[in-house]
Every structure is written in structure tokens, then in C-alpha cells.
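A.B. asks: what's the 3D shape of this:
(one chain, ligands or ions: 1)
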Amino acid sequence: MPIDFSKIPSPCYVIDEALLRGNLEIIKDVRDKAGIEIILALKGFAMWSVFPIIKEYGFNYATASSYNEARLAHEEMGTFAYTYCPAFSETDFERTAKLSSHITFNSLSQFEKFYPQIKNSNKKISVGLRVNPEFSEIKTLLYNPCAPGTRLGITASNLKDKLPNGVEGLHFHALCESNSYDLEKTLAAFEKNFGHLLSQVKWVNMGGGHLMTRKDYDREHLIGLLTNFKNRYPHLQVILEPGAAFAWQTGYLIASVLDIVENSGIKTAMLDVSFTAHMPDCLEMPYKPLVLNTVDEEPGKPTYRLGGNSCLSGDYMGNWSFDHELGIGEKIIFNDMIHYTMVKTSTFNGVQHPSIGIWSDKTGFRSIRKFGYEDYKNRLS
Ligand SMILES: Cc1ncc(COP(=O)(O)O)c(C=O)c1O
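C.D. replies: Numbering: from 1, shown residues only. Here you go, the predicted model:
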């Protein structure tokens with residue numbers, strides 16, 4: 001049964017189970033053919049009600065970037081997290097370590113500060129260092145971990161030829177919605193700078209940003225690249241930790257038109273959702289999201305800006321053309337609104353947080369979570 005948007009209340013994030021399963025099949029295929037470990041990056045997608053579906057495909061591990069994410073992995077995935085955090089406080093380190101099987105440090109100073117606690121504890125934790133390959137194809141600075149002066153990862157000049165005792169892995173993350181050819185170049189830079197250290201470690205984590213579920217992604221090339229890497233370093237376990245790829249194009253943000261205002265010939269459809277609060281990447285990247293049943297601005301067609309319901313002046317985007325004039329109450333369906341949305345929302349202006357639901361071909365729409373005043377109030381005091 002195809003998704004029936006009229007059955008879904010507004011505002012609501014809705015994931016389509018069949019689309020999620022499609023992505024999981026693809027990622028599983030890559031994992032199995034390349035013989036690597038692929039784990040879910042919770043920072044990109046943490047809708048824990050679908051973790052049981054994700055686990056059906058043998059994805060039993062998650063990467064966490066904080067205590068809260070490590071705890072979610074533990075409580076809802078039943079696993080210890082592969083944790084990387086840009087900087088741990090003492091309190092956070094102690095409680096996060098208890099929930100982690102792997103901990104990657106962002107700097108040598110954090111390693112030196114916290115490694116003695118790991119060494120002296122009874123819990124086995126595999127320790128890694130995040131290194132910075134100083135190469136990235138990402139043009140948007142906001143998303144480029146290798147931008148000049150970056151705080152993320154240790155550069156080659158700051159590492160000696162011998163890794164400190166206790167380090168078992170190296171981690172790099174330099175991609176964002178990237179393809180396998182970007183990984184190939186990044187991997188070459190990583191090997192050029194850090195290849196001499198690879199005999200000293202047991203695993204390499206190639207971070208996230210591998211958008212292997214995008215239609216045009218060359219997965220055979222990725223599998224070839226990883227197989228070749230593994231053949232050259234047979235002692236290494238290879239880990240990828242994508243977030244976006246799991247939830248890429250798996251669902252929608254359902255909104256509706258509350259009002260239409262016009263100024264200087266510009267018509268804005270005022271919605272019951274907000275770009276800044278519910279789709280922040282649209283403004284931050286920025287990028288224009290796909291809206292179902294629209295085309296890019298086309299002369300002669302009814303054309304609108306879509307306006308968010310916060311007071312931020314810039315909480316709008318333009319312009320979409322429809323095949324009819326919009327009416328109050330009409331639904332507006334934003335496509336691909338599952339990754340980096342729910343995890344980034346705010347209750348700015350106290351605007352209504354969209355509910356969260358799932359569409360199944362067999363059972364139709366199921367509402368999973370509604371948000372109310374208490375959710376807004378509990379973030380404040
Ligand atoms: C260290 C690290 N790992 C994994 C990811 C997940 O990346 P993506 O969701 O683009 O696959 C990120 C994203 O910022 C990251 O910083």
C-alpha cells in the first residue's frame with residue numbers, strides 16, 4: 001500500500017518502513033561483500049523505535065558522540081557504543097566509558113588524561129585516536145572536518161612514528177554526503193600521512209559521509225576499494241560509521257498551510273513547521289529541499305515561498321511552483337526529512353514540535369510520539 005499522506009496528521013515526521021528496509025538491504029550488501037563492519041552514527045539518525053528493524057539486518061552497533069548517545073545505544077540497541085567525542089569532561093568520560101566498547105580520542109592530550117582510567121579499569125575498551133588526513137573534497141566549510149585550523153583530529157605532524165602504548169585503532173572522518181571516489185582520494189591522503197602507523201593498530205574507522213544509498217553511488221567501486229585496502233592490510237578490521245546513508249530518502253516532514261501572505265508581489269505560504277527548528281540543515285548548508293508535487297520556480301505557475309512559523313526573519317525558503325493556487329489547510333510534503341532533522345530540532349519560539357510516525361505498507365500509519373507543552377517546558381527551568 002503506497003503511503004497515503006491524507007492519513008497522516010500535520011506536522012509530522014514520517015518514516016516509510018519499506019524505504020528504510022531498502023536502504024538496510026543496500027548497506028548490508030556492501031558490508032557483507034566488503035567484509036567490513038558498518039555501524040549507525042546516531043548523530044545523524046536516532047529514531048530508536050526503528051532500531052529493532054535495523055537490527056534485523058545485523059546492524060547491532062552504533063557510534064556515539066556523547067554520553068546521551070552512548071546511553072541510547074545501550075538502552076535501545078542493547079550494545080556498547082563506539083564512542084568518539086571531540087572533548088570529554090571528567091564526568092562525561094567516566095559515565096560514557098562504562099557504556100562504550102571503543103573510545104576514540106580527538107587529541108593526544110585527551111588520550112593522556114583519560115587513558116590511565118581505561119588501563120586501570122576492569123572493562124575492556126579498545127582505544128583509538130582520531131587523525132586528520134588534511135584532505136577533504138567538502139566545499140562547504142561548515143561540514144569540512146579538514147578546513148584550515150580545524151579542531152577535529154590529530155594531524156600527522158603532531159604524531160610521532162610510534163603510537164602511544166594502548167592505542168589500538170585510528171579513526172578519520174572527512175566526508176559528507178560523499179561518493180566512493182571522494183573516499184578513494186581521502187584514503188590515499190590518510191595512507192600517505194599515517195600509513196606507516198597502520199602496522200601498530202588493529203582497526204581503522206573511516207568515519208561517516210559514505211552516501212552509499214544514493215542512487216548514483218558506485219557501490220561496486222566502494223567494495224573494490226575496501227577489499228583492496230583490506231588485502232593490503234589483512235590484520236586490520238575496517239569500520240565505516242555512516243548516519244545519513246541509513247535514513248537517506250526514507251521519509252517526509254508533513255506540514256500544512258496556515259496562512260498566505262503577500263508582500264511586494266511575493267506570496268509566502270505560512271506553514272505549521274519551521275525551517276530553523278525542524279529542518280535546520282536547509283538554512284545551514286544551505287540547500288533547497290524537495291517538496292512533493294512542485295517544480296522549481298516556473299513563470300506562469302502559482303509560485304510561493306514557504307515560511308516557517310517562528311519569528312526568525314530568515315525562517316523561510318523560496319521558491320516552489322505548484323500546479324494550482326494553494327489553499328489554507330493544504331498539506332505540503334517535504335521529502336527526505338528523516339536524517340539530521342529529528343536529531344537537530346529545537347523548541348525555539350515554543351513552536352509545536354512535529355510528531356513522529358511510521359508508515360508500513362501492511363498496517364498504514366502508526367503515530368509513535370507526540371510532543372506537547374511539557375516537552376517545551378522541560379528543556380527550560
Ligand atoms: C565522526 C563522525 N562519524 C560519523 C558521522 C556521520 O556522518 P554521515 O551522517 O554524514 O554519514 C559524522 C558526521 O558528522 C561524524 O562527525
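
A.B. asks: make sure residue 87 is indeed in a helix.
C.D. replies: No: going by DSSP: H, G, I helix; E, B strand; the rest coil, the assignment for residue 87 is coil, not a helix.

A.B. asks: OK, contacts around residue 320?
C.D. replies: Applying C-beta atoms under 8 Å, 6 or more residues apart in numbering to residue 320 gives the contacts 291, 294-297, 303-304, 306. Where C-beta positions appear, they are placed from N, C-alpha and C, glycine not excepted.

A.B. asks: got those residues as JSON lines, with pLDDT and distance to residue 363 columns?
C.D. replies: As requested, the contacts of residue 320 are arranged in JSON lines below (pLDDT from 0 to 100; distance: C-beta to C-beta, whole Å):
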{"residue": "291", "pLDDT": "98", "distance to residue 363": "27"}
{"residue": "294", "pLDDT": "98", "distance to residue 363": "29"}
{"residue": "295", "pLDDT": "98", "distance to residue 363": "33"}
{"residue": "296", "pLDDT": "97", "distance to residue 363": "36"}
{"residue": "297", "pLDDT": "97", "distance to residue 363": "38"}
{"residue": "303", "pLDDT": "98", "distance to residue 363": "38"}
{"residue": "304", "pLDDT": "98", "distance to residue 363": "34"}
{"residue": "306", "pLDDT": "98", "distance to residue 363": "31"}
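
A.B. asks: just give me the closest of the residues you listed to the ligand.
C.D. replies: Of all those, the ligand sits closest to residue 291, with 22.8 Å by C-beta to the nearest ligand atom.

A.B. asks: thinking again about what came up before, could you work out the most separated pair of the contacts of residue 320?
C.D. replies: Within the contacts of residue 320, two members stand farthest from each other by C-beta to C-beta: 295 and 306, at 13.9 Å.

A.B. asks: more neighbours, these two?
C.D. replies: The residue with more neighbours, out of residue 295 and residue 306, is residue 306; 26 against 12, by other C-beta atoms under 10 Å.

A.B. asks: can you pull out the residues in contact with the helix or strand that contains that one?
C.D. replies: Using DSSP states H and E, residue 306 sits within strand 303-307. Here strand 303-307 makes contact (C-beta under 8 Å, 6+ apart) with 260-261, 266-271, 291, 297, 315-322, 326, 332.

A.B. asks: now the residues you listed: which count as buried?
C.D. replies: By neighbour count, with 16 or more other C-beta atoms under 10 Å, these hold 260, 267-271, 291, 315-317, 319-320, 322, 326, 332 as buried.

A.B. asks: mind picking the two most distant members of those residues?
C.D. replies: Largest separation among these by C-beta to C-beta: 315 and 322, giving 20.5 Å.

A.B. asks: residues from the protein in reach of the ligand?
C.D. replies: The chain has residues 41, 43-44, 63, 84, 173, 176, 207-209, 241-245 near the ligand, with proximity defined as C-beta under 6 Å from any ligand atom.

A.B. asks: farthest-separated two in the residues you listed?
C.D. replies: The largest separation in those, counting by C-beta to C-beta, is between 84 and 245 at 17.6 Å.

A.B. asks: most surrounded residue in the residues of the chain next to the ligand?
C.D. replies: When these are compared by neighbour count (other C-beta under 10 Å), residue 63 ends up highest, at 30 neighbours.

A.B. asks: run the angle between the helix or strand residue 317 falls within and strand 303-307 for me.
C.D. replies: Assigned by DSSP H and E, residue 317 belongs to strand 316-321. Put simply, strand 316-321 runs at 150 degrees to strand 303-307, going by axes from the mean of the first three to the mean of the last three C-alpha atoms, to 10 degrees.

A.B. asks: just the CA coordinates of strand 316-321, formatted as PDB?
C.D. replies: The C-alpha trace of strand 316-321 is given here as PDB (Å, rounded to 0.1, in the frame of the first residue of the first chain):
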ATOM      1  CA  TYR A 316      11.700  30.800   5.000                       C
ATOM      2  CA  MET A 317      12.900  29.400   1.700                       C
ATOM      3  CA  GLY A 318      11.900  30.000  -1.900                       C
ATOM      4  CA  ASN A 319      10.600  29.400  -4.400                       C
ATOM      5  CA  TRP A 320       8.400  26.500  -5.400                       C
ATOM      6  CA  SER A 321       5.800  26.400  -8.200                       C
END
